[in-house]
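Peer 1: Below are the sequence and a predicted model; questions follow.
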There are 2 protein chains.
Amino acid sequence: MNCIFEANFDKTQIMKRLTFLFLIAIISTVLIGQDKLFTIEEAVIGQWRELYPKTIWNINWKGESNTLTFKDQATIYGQSVNSSDSSVILNLDELNAALVKTNLDSIKHMPNITWANNEEFDFQYNNTWVYYSLNKNKVLNFISIPENAENINVFVEKVMIAYTIKNNLFVIGTDNKAIQVSNDEDENIVNGTSVSRNEFGIDGGIFWSPKGNYLAFYRKDESKVKDYPLVDITAREAELANIKYPMAGMSSEHVSLGVFNLKTQSTTFIEKEDTISEKYLTNITWAPNEESIYIQVLNRDQNHMKLNSYDLSGKLIKTLFEEKNDKYVEPQHKLIFLPSNEDQFIYQTRNDGFNHAYIYKTSGELVKQLTKGEWEIIDILNVDSKYMYYTSTAESPIELHFYKVALKSGKIEKLTTEKGTHNITLNKNGKYFIDKYSNTETPNVIQLVSTKGDIVRSILKATNPLSEYNMPKMEIGTIKAADGVTDLYYRLIKPIDFDSTKKYPAIIYVYGGPHAQLINDQWLGGARMWNYYMAQKGYVMLTVDNRGSANRGLEFENVIHRQCGVNEMKDQMEGVKLLEGLGFVAMDKIGVSGWSYGGFMTISLMINYPETFKVGTAGGPVIDWKYYEIMYGERYMDTPEQNPEGYQYTSLLPRARDLKGKLLIIQGAIDNTVVWQHSQSFVRECIKNRVPVDYFVYPRAEHNVRGYDRIHLMDKISNYYIDYLK
Amino acid sequence: MNCIFEANFDKTQIMKRLTFLFLIAIISTVLIGQDKLFTIEEAVIGQWRELYPKTIWNINWKGESNTLTFKDQATIYGQSVNSSDSSVILNLDELNAALVKTNLDSIKHMPNITWANNEEFDFQYNNTWVYYSLNKNKVLNFISIPENAENINVFVEKVMIAYTIKNNLFVIGTDNKAIQVSNDEDENIVNGTSVSRNEFGIDGGIFWSPKGNYLAFYRKDESKVKDYPLVDITAREAELANIKYPMAGMSSEHVSLGVFNLKTQSTTFIEKEDTISEKYLTNITWAPNEESIYIQVLNRDQNHMKLNSYDLSGKLIKTLFEEKNDKYVEPQHKLIFLPSNEDQFIYQTRNDGFNHAYIYKTSGELVKQLTKGEWEIIDILNVDSKYMYYTSTAESPIELHFYKVALKSGKIEKLTTEKGTHNITLNKNGKYFIDKYSNTETPNVIQLVSTKGDIVRSILKATNPLSEYNMPKMEIGTIKAADGVTDLYYRLIKPIDFDSTKKYPAIIYVYGGPHAQLINDQWLGGARMWNYYMAQKGYVMLTVDNRGSANRGLEFENVIHRQCGVNEMKDQMEGVKLLEGLGFVAMDKIGVSGWSYGGFMTISLMINYPETFKVGTAGGPVIDWKYYEIMYGERYMDTPEQNPEGYQYTSLLPRARDLKGKLLIIQGAIDNTVVWQHSQSFVRECIKNRVPVDYFVYPRAEHNVRGYDRIHLMDKISNYYIDYLK
């Protein structure tokens, strides 16, 4: 499900979404006791708004300088590493004066900016991209982007923007004259958009060459992919809104890579001729010299990857090396070329069981394994001539720390100290970084740290935004998985006004699928506030990150292969044993709740353990993996033809008759990830077997119910437990 | 909604659907007290199966003879009017021997047969139509109908069958060679099917001429009609299953009438050239001499009807007369030519306020009004040289009796005596009829009666099939409508073990729309058993046939014009006053339930009278008339352009925010009558306004939830009241 699940949020996105801005100044709040309870609005939206710990917005480094900048609604501030004094760098009036001077519309709030260098930044508003000189206080360049443009991708240095309109790719420069890169009339041929349903680390289809002389882009031929009919009910009369949805085992898209030469305005293609193999072209990486392109080419079976290099005529230069695995190979990271030696690059793989970095030569020869251990590199932030800077789980699977490793010696230094989850903004000059972290006790700290590991100073220490609330007690711990060996993390939230002599109903909130981890050492333990809201209502809330979940290595994850849900359920039942051992849980009042893979887990648990689970709420659930898409689905389940018994065994359709408890299924009517066919088919089977089931539909929701609609959703889910699990 | 509503069933259809057959013999049952309660299965299916009063199947007259026939699974029996002794006319073995001799498949159960004359009958099984001689004990003719044939229409005398495959019309005879009548490749042109969504009494698109020399058929051009996207989730990957659905105010279908000459095999068209006016060609009637065709042509506005005659070249001969009305004209009956004078015909209209019969000359001159009064002719069964035989509401709006009126004198004789609802099978010779009736005290009586009004003998008197059950007490009475003048019928069912000192919750079961009447003097008072089931659960069940409902005349009905729901709700609130006056109803515990127009009424009532209605269940509800189809919708509401304030005022979309109580909306996912856009749009508005609402979807249901699925449905509905109205 490509991390489209309920409980995780990318923090950057959250900040972007927030419309309220908070000042740095910590306003002292009058403590009116700790007796407030969350409203459903606070439990759903408040966590990301008024109850979000104080923070600083758009914090960034000013080019390669040692000045960091941040903003509020009207001003960009700067602060040197040498002084805690903030100075105004630019205010909105100045910016607007410059915009108006260039005949551009003025802006109401200071936009998020990105520094191109010490003096110049760019930003986007409405349909205009602006390149601004702080020194000259003027707009250096701007580009008007067509209103219907999508997939907007800016190459700042050359002041060019690539974008798509419908199925074709365009480039526009400061002359504001668009060049049409592709010209496919057949809408089954799509250029410049993401492919492979965003699996394999793919998150876009436009790849500027390092110097901006070429534009590589995905070309996707979906002629063979079946349409899934979605319906737009907002039209005068409802209208069809088809999506291309390739289901497991069915015909898939054919992907090639176009390379557009901006000088000659001609396009060559890589792998275009192969329209049979349905292979995946992943992790497109330009050679620094722009003379070749590296692609991690994966077969449709997803068990054999070749790292290929191609010249710009589209010819294969060589296969540097290959990776195979009986279960699956999942390339997820682009190559990172060493700035000090462009014939070498860093390659990440889980080949030894955990995601680690390796240095390879462009000949394909391994130079060395750079990191090793029973932990995973999560993100490589930069590589300079001496070090690779990265975050990893080396400290703990539920913490995230920042490290540097010396390329030569392999010596690792931990650069963050306080326990918890660190979010790093590294200065390009490699000398300092901004460390934003939280842990279960610390709402939000922002501090300035040198890459030698010295804390220069604290910039922000947020107070507890929930101090007025009667907060349920939360603990994180470990239990053994069903294999008796593996440690699993759990998060337990106890009801308020807890009385250990009472018996409380309990709800297990579950996701369970790969690429997600619900429990982290961060503020609130990684839980959505709704868990605390329900604990305020008197429920014990438990979450267990079962085997299959993220950041624990390959074997921890791939126990799900060809049998999604099976081992995950066994581990969740260890969570039930934990509840039983607590002594204060009413074991005849256990509920379960989840979305997407978690919806699949919820219904699977209710059906397989009806004596345990009495009430469930399942959102956007997978019901039968044959209805799920090829890229994610076949990685874990193979095709229905290759694994008929696995598909049969995990399908909930023949099991609908076994449903005993109260189950509410929730579905977004225009879900393009777990399509509506899943839950409708299950409901149909319930009806056939005269099994009571409840259902709700969010007519304009895709895979998740977002925004204010979410308050309605969570109120409905909450009330379902309040009505039936009491 | 074209009488597609929940509470009425055509008895013939019910009998056809029933798979159990009951013998005439009345088996005495052991009374085990009157303490049994209905199971939900009995309450839903039982009414039409094991709890259906004993009856006789396929009872019919043997041609024009005075012998009636009926059947069980293996035998056709005959009984002369002169004797109560039944004799075997044909048994299954004999029939099968004859079938096998003709190289046809044998049959497991005796089929329903239709007598062509005293000695010959026809029937259909699998895809074969058989014409059988009882005398000769052999198959005289048979025709194999293609498996994908639809709209099968037999002309027995000439042994020909017309049918459609996809959008084209075919004829086949005993040579089993099909003739293609129409040959339209464009699937927007549809031949031989029903048109105008079955309004205006239209129930098919094939019209054999009286002597079988011509075949008239509807030709429908739907090029301008928008598709409504339905989705088939049973495919490997869900697939689009568009229907043509013309919504109020939008472009409609264009209908013409084809006339196929079987001799020359050529087709002429009536009204084909007029592709602009979107008029309705209703009540196609052949002149007895086959030289002309009469069509009641209605304008799209539905307020101006012309009775036109056309010659077979398609030319208009003349407009016999016209009918206009400020609100609407609704032609619903074909002409019936007098056998004694083929220049005269009987025409039915509500022109004087009630549906009555008139004799006209083919010149258009009125001969006389044959019937008159504040009651309605429901069905004309036959016209012979002296009499017109018909059923009417003359006795009471909730009873149905059989009459004959002398064509000459206009003298009316009532031919049925016992109070209640009579279903008549008239002998073609006009001497006798079979009278099948029930009333609130009488489950089912079948008797033989002469058309002089004398009861010859009783054939069946069914005992009470519910004698073992603790039956709630039912009463039918009248209250005044909100206008203070009009009598409305109500049906009240009291809880079992009734205690007048207690306060009971009450549920109003409502339909409320035109063309339907829920209260009849028939067995169970016209109520579905579910009403009694709920009364056994402790609910007072009330139904009121408000103004707008059927069989009460034009003005009673057309108060709904341009303001559907408004007067209907006022009348339903008089029902609430009735409940209040009873003294034993808990007035803070009133629920409401309905389907289709009744779903619209249910939500309208909950939103407009939130202080009264606390819990509602609304199935397949109209939410905004702009989403409803042209033919029915524009009759009552005009177009959205003509009546914007009416559409706005009755729309539930802007009122979703006013919903207060617990409301469960239920929808068939492939509803092609009240399309899904209605309820999804309403749910969307609830979500936007953060109004709690419950929803359930029957993925394979059209406008009604049928068969065994209905048990699931009614269980869900029942539990909603049990959970929330207690």
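Peer 2: Now that the structure is in, tell me what you want to look at.
Peer 1: any idea which helix or strand comes after the biggest strand by length in chain A?
Peer 2: Across chain A, the longest stretch assigned as strand under DSSP state E is strand A:585-595. Once strand A:585-595 ends, the next helix or strand along the chain (criterion: DSSP states H and E) is helix A:597-608.
Peer 1: Which elements pack onto that next one?
Peer 2: For helix A:597-608, the packing partners by 3 or more C-beta pairs under 8 Å, 6 or more residues apart in numbering or on different chains; DSSP states H and E come out as strand A:504-510, helix A:566-582, strand A:585-595, strand A:613-619, strand A:662-668. The way it works is simple: take the backbone N, C-alpha and C, and place the C-beta from them, glycine included.
Peer 1: Could you give me the buried positions within the second one?
Peer 2: By neighbour count on 16 or more other C-beta atoms under 10 Å in any protein chain shown, the buried set for helix A:566-582 is A:566-576, A:578-579, A:582.
Peer 1: same question for that helix, mean pLDDT?
Peer 2: Averaged across helix A:566-582, pLDDT comes to 98.
Peer 1: Repeat that for the fourth one.
Peer 2: In this model, strand A:613-619 has an average pLDDT of 98.
Peer 1: contact partners of that strand?
Peer 2: Outside strand A:613-619, the residues that touch it by C-beta atoms under 8 Å, 6 or more residues apart in numbering or on different chains are A:6, A:588-596, A:598-600, A:602-603, A:605-606, A:661-667, A:705, A:713, A:717, A:720-721, A:724-725.
Peer 1: Please report how far the residue lying farthest from the centre of chain A lies from chain B.
Peer 2: No residue in chain A sits farther from the centre than residue A:501, which is 41.3 Å out by C-alpha atoms, centre = their mean. Between residue A:501 and chain B the distance is 31 Å, computed by C-beta to the nearest C-beta, to the nearest Å.
Peer 1: repeat for residue A:528
Peer 2: For residue A:528 relative to chain B (C-beta to the nearest C-beta), the value is 19 Å.
Peer 1: Repeat that for residue A:370.
Peer 2: Noted for residue A:370: a distance of 44 Å to chain B, by C-beta to the nearest C-beta.
Peer 1: ok, that residue - contacts?
Peer 2: A:346, A:356, A:357, A:358, A:359, A:388, A:405, A:407, A:410.
Peer 1: wait, the second one sits on residue A:368?
Peer 2: No - assessed by C-beta atoms under 8 Å, residue A:356 is found out of contact with residue A:368, at 11.0 Å.
Peer 1: and the closest residue to chain B within the stretch 51-200 of chain A, what pLDDT?
Peer 2: Closest contact between the stretch 51-200 of chain A and chain B, by C-beta to the nearest C-beta, is at residue A:197 (14.8 Å). pLDDT for residue A:197: 96.
Peer 1: tally of neighbours for residue A:166?
Peer 2: Residue A:166 has 11 neighbouring residues, counting by other C-beta atoms under 10 Å in any protein chain shown.
Peer 1: Tell me which helix or strand the closest residue to it other than its chain neighbours sits in.
Peer 2: Closest residue in space to residue A:166, ignoring its immediate chain neighbours: residue A:187 at 6.9 Å, by C-beta to C-beta, 6 or more residues apart in numbering or on different chains. Using DSSP H and E, residue A:187 sits in no helix or strand.
Peer 1: Residue A:187 touches residue A:168, doesn't it?
Peer 2: No - Residue A:187 lies out of contact with residue A:168 (C-beta under 8 Å); the separation is 9.5 Å.
Peer 1: The nearest residue to residue A:412 once chain neighbours are set aside in helix, strand or coil?
Peer 2: Using C-beta to C-beta, 6+ apart and skipping the chain neighbours, the partner closest in space to residue A:412 is residue A:405 (4.7 Å). Under the three-state scheme (DSSP: H, G, I helix; E, B strand; the rest coil), residue A:405 adopts strand.
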